[in-house]
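> Quick one: sequence and predicted model below, then my questions.
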Amino acid sequence: MKPQSDAAGKSLGKVARPGKASQAVAAGGRQAARDQQLAELLRPGQSIALLQHLHILTREGQLNQDSRRKLKQVYHLYQFIETLLRELAQAGPADAAQAAQGLTVADHGAGKSYLGFILYDLFFKHLDQGQVYGIESRSELVEKSRALAAQLGFARMQFLDLTVAESAHSALLPPRIDLVTALHACDSATDDAIAFGLAKQARAFALVPCCQAEAARHLGSNKALMLSRTPLAELWRHPLHTRELGSQITNVLRCLYLEASGYQVTVTELVGWEHSMKNELILARYTGQKKRAAAQRMQQIGEQFGLKDLIDRRFTWRADNS
Ligand SMILES: C[S@@+](CC[C@H](N)C(=O)[O-])C[C@H]1O[C@@H](n2cnc3c(N)ncnc32)[C@H](O)[C@@H]1O
């Protein structure tokens, strides 16, 4: 049977195609909705070019499918760090040199430095002083960050081709740094960032540790002995548990170490940070109250878990972070 046709010869039952004019109106409406979404997400003065470089916005300056969520995650992390920076700004500089240079941030294991760039764009760009240092051991990433900072006119950003450990002794950095960040700095680089912060009398830390293998190696090598000594060793008998417990203990030790060094510590979650399973955010503020109990707890954990050597080597005490 022939399909029925209307007067214009189009098959009945098919949806009539909208004309070009109404397509244009619909497209205009969609664009307006996207512009509105973007306007709601952007902060005043925020660099579109930066968001394009970070692939949060497309080249055309549009939000792509994932960008809305990605931008919200970035803001989620930023808001914790912004709170610390505002507290530090309110407390005022620690000494005359700090007053002259403004707030300083060192971002360790910076990678493409997107954290540093976001901090600069949203916070430092609006100030007339302050410095953001990106420390990264891969020279090609350092070069790219330098080029992007020059392109964006972010003059108070510096990128240093150094390891975290080297940076603690480098003349390219000032003697004091206000805030130390390390976002997924690999393995023990987070510990080096803590050591850097203590050496630089940092007033705050924001750390999101990466996988950590060192404690797991120690737990693994002492396994048989510890199983004969304590039922606690069941916690790391299976290799998967060894790895997980190694990470967990490492972060617990980092928190205790910071508390014993005079910092007040909070641990929170970077909700929705789906790029990585490592979404623990350690925030520390210097109060000057060095908790002796925290140092004792570290020693006790060392004994109970057979990690004494590791703890003594990793977490050295400084008397002068005052
Ligand atoms: C997983 S990436 C994270 C990059 C960035 N912080 C982010 O979250 O997107 C870790 C970065 O730390 C760098 N890195 C690892 N160990 C380091 C060390 N000891 N000193 C300096 N950079 C290090 C790596 O080269 C890499 O770029």
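Received, thanks.
> Longest helix in this structure, please.
Longest helix in the chain by number of residues (criterion: DSSP state H): helix 67-91.
> Run the chain-centre distance for that helix.
Offset of helix 67-91 from its chain centre (C-alpha atoms, centre = their mean, to the nearest Å): 10 Å.
> which residues are in contact with it?
For helix 67-91, contacts defined as C-beta atoms under 8 Å, 6 or more residues apart in numbering pick out 37, 41, 51, 56-58, 63, 103, 105, 114-115, 118-119, 122-123, 178-179, 181, 183, 203-204, 206, 208, 268, 270-273, 281, 283, 285. (Each C-beta comes from the backbone N, C-alpha and C, glycine too.)
> got the buried residues for whichever helix or strand comes after that helix?
Downstream of helix 67-91, the next assigned helix or strand under DSSP states H and E is helix 96-101. For helix 96-101, burial by neighbour count (16 or more other C-beta atoms under 10 Å) applies to Q98, Q101.
> And the helices in the stretch 1-150 of the chain?
20-41, 48-53, 67-91, 96-101, 114-122, 139-152 (DSSP state H, counting those that start in this stretch).
> any idea which of the ones you listed scores lowest on pLDDT?
Set side by side, the helices of the stretch 1-150 of the chain give their lowest mean pLDDT on helix 20-41, at a mean of 74.
> Name the residues of that one that come out as buried.
L38, L41.
> contacting residues around it?
Against helix 20-41 from outside (C-beta under 8 Å, 6+ apart): P18, L57, G61, Q62, L63, R68, L71, K72.
> follow-up on the earlier one: quick one: the longest helix of the chain to helix 114-122, angle?
Going by axes from the mean of the first three to the mean of the last three C-alpha atoms, to 10 degrees, helix 67-91 is angled at 70 degrees with respect to helix 114-122.
> Quick one: mean pLDDT over stretch 278-292.
Per-residue pLDDT over stretch 278-292 has a mean of 94.
> Residues of the chain that sit close to the ligand?
If contacts are counted using C-beta under 6 Å from any ligand atom, the residues of the chain sitting beside the ligand are 109-111, 114-115, 135-138, 141, 163-164, 183-186, 189, 192, 210.
> I'd like to know which elements the host helix or strand of Q248 is packed against.
Using DSSP H and E, Q248 sits within helix 239-260. Counting contacts by 3 or more C-beta pairs under 8 Å, 6 or more residues apart in numbering; DSSP states H and E, helix 239-260 is packed against helix 189-199, helix 214-221, strand 263-269, strand 280-286, helix 292-305.
> thinking again about what came up before, the contacts of helix 20-41: which two are farthest apart?
Using C-beta to C-beta, the contacts of helix 20-41 span at most 34.0 Å, a distance reached by P18 and K72.
> For N64, give me its contacts.
Counting by C-beta under 8 Å, 6+ apart, N64 has contacts L57, T58.
> before we move on, what about F305?
L219, M226, L232, I249.
> now with 10 Å?
215, 218-219, 222, 226, 230, 232-233, 235-236, 245-246, 249, 253, 311 (C-beta atoms under 10 Å, 6 or more residues apart in numbering).
> bridging residues for E269?
For E269, the beta-bridge partners are E280 (DSSP bridges).
> Would you mind splitting the chain into its domains for me?
68-210, 213-260+290-317 (automatic domain parsing).
> ranking these by burial, who's on top?
domain 68-210 (a mean of 19; mean count of other C-beta atoms under 10 Å).
> how long is it from one end to the other?
In domain 68-210, first residue to last residue: 25 Å (C-alpha to C-alpha, to the nearest Å).
> Columns distance to Q151 on top of the helices and strands packed on helix 239-260, output as JSON lines?
Formatted as JSON lines, these follow (distance: least, C-beta to C-beta, whole Å):
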{"stretch": "helix 189-199", "distance to Q151": "28"}
{"stretch": "helix 214-221", "distance to Q151": "38"}
{"stretch": "strand 263-269", "distance to Q151": "34"}
{"stretch": "strand 280-286", "distance to Q151": "30"}
{"stretch": "helix 292-305", "distance to Q151": "45"}
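> between these, which gets nearest to A94?
Per C-beta to C-beta, nearest to A94 of these: strand 280-286, 9.5 Å.
> what's the angle from the closest one to helix 67-91?
Interaxial angle of strand 280-286 relative to helix 67-91 (the same axes, to 10 degrees): 10 degrees.
> Now do strand 280-286: which elements does it pack against?
Contact partners of strand 280-286 among helices and strands, from 3 or more C-beta pairs under 10 Å, 6 or more residues apart in numbering; DSSP states H and E: helix 67-91, strand 179-183, helix 189-199, strand 204-208, helix 239-260, strand 263-269.
> Dump the ones you listed into CSV; add distance to Q23 as well.
Converted to CSV, these look like this (distance: least, C-beta to C-beta, whole Å):
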stretch, distance to Q23
helix 67-91, 25
strand 179-183, 44
helix 189-199, 53
strand 204-208, 46
helix 239-260, 54
strand 263-269, 45
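> out of those, which comes closest to L148?
helix 67-91 (16.1 Å).
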